[in-house]
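Trainee: predicted model follows, preceded by the sequence.
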Amino acid sequence: MAERTSGEDGTEPDYRFTLANERTFLAWLRTALGLLAAGVAVHQLVPRFAVPSTRTVLALVFVGLSAVLAATSYPRWRKVQQAMRRGEPLPRNGLVLVLATGILLLALACAVLVVLS
């Protein structure tokens with residue numbers, strides 16, 4: 001397959017890689033929407049815990065993690081796209097560690113709250 005050039009951005013990558021990058025971007029956005037929905041659900045639907053303001057704090061952590069994910073997903077997509085066009089190695093993604101750690105901490109906090117209720 002012949003590679004097309006696109007000015008100063010380098011060469012056009014195989015369309016399959018571009019589409020895979022786009023699907024990954026959309027997956028990050030779906031995850032952000034899921035976390036946002038979880039934050040709203042915790043705040044609106046979960047009964048009050050014995051510890052005051054716990055629901056609000058949990059909801060804010062879910063919403064905050066959602067905001068971080070939504071805010072960083074496009075710049076990540078752009079960096080990967082540019083690296084592919086230039087034939088460079090893909091940039092590292094520290095967001096995976098942030099997301100995994102955040103969800104783990106939320107799960108542990110929820111487990112503790114369930115046990116204490």
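Mentor: Arrived safely, thanks for sending. Worth saying up front: this structure is predicted, and the values here are computed from it rather than measured.

Trainee: quick check: closest non-adjacent residue to the most centrally placed residue in the chain.
Mentor: Centroid check for the chain by C-alpha atoms, centre = their mean gives residue 69 as the closest residue, at 3.6 Å. Excluding the flanking residues, the one nearest residue 69 by C-beta to C-beta, 6 or more residues apart in numbering is residue 32, at 4.0 Å. The C-beta positions use only the backbone N, C-alpha and C, and glycine is treated the same way.

Trainee: contact partners for the one you found?
Mentor: 66-67, 69-70, 73 (C-beta atoms under 8 Å, 6 or more residues apart in numbering).

Trainee: host element of it?
Mentor: helix 15-45 (DSSP states H and E).

Trainee: could you list the buried residues of the longest helix anywhere in the chain?
Mentor: Ranked by residue count under DSSP state H, the longest helix found in the chain is helix 54-86. Taking 16 or more other C-beta atoms under 10 Å as the neighbour-count basis, helix 54-86 is seen to contain the buried residues 54-55, 58-59, 61-63, 65-66, 68-70, 72-73, 76-77, 80-81, 83-85.

Trainee: chain center to that helix: distance?
Mentor: Offset of helix 54-86 from its chain centre (C-alpha atoms, centre = their mean, to the nearest Å): 4 Å.

Trainee: and the helix or strand following it with helix 54-86, angle?
Mentor: Per DSSP H and E, the first helix or strand lying C-terminal to helix 54-86 is helix 95-116. Counting by axes from the mean of the first three to the mean of the last three C-alpha atoms, to 10 degrees, helix 95-116 lies at 160 degrees to helix 54-86.

Trainee: check the offset of helix 95-116 from the chain's centre.
Mentor: 15 Å.

Trainee: buried stuff in that helix?
Mentor: 99, 102, 106, 113.

Trainee: where does confidence bottom out across those?
Mentor: By pLDDT, residue 113 ranks lowest within the buried residues of helix 95-116, coming in at 86.
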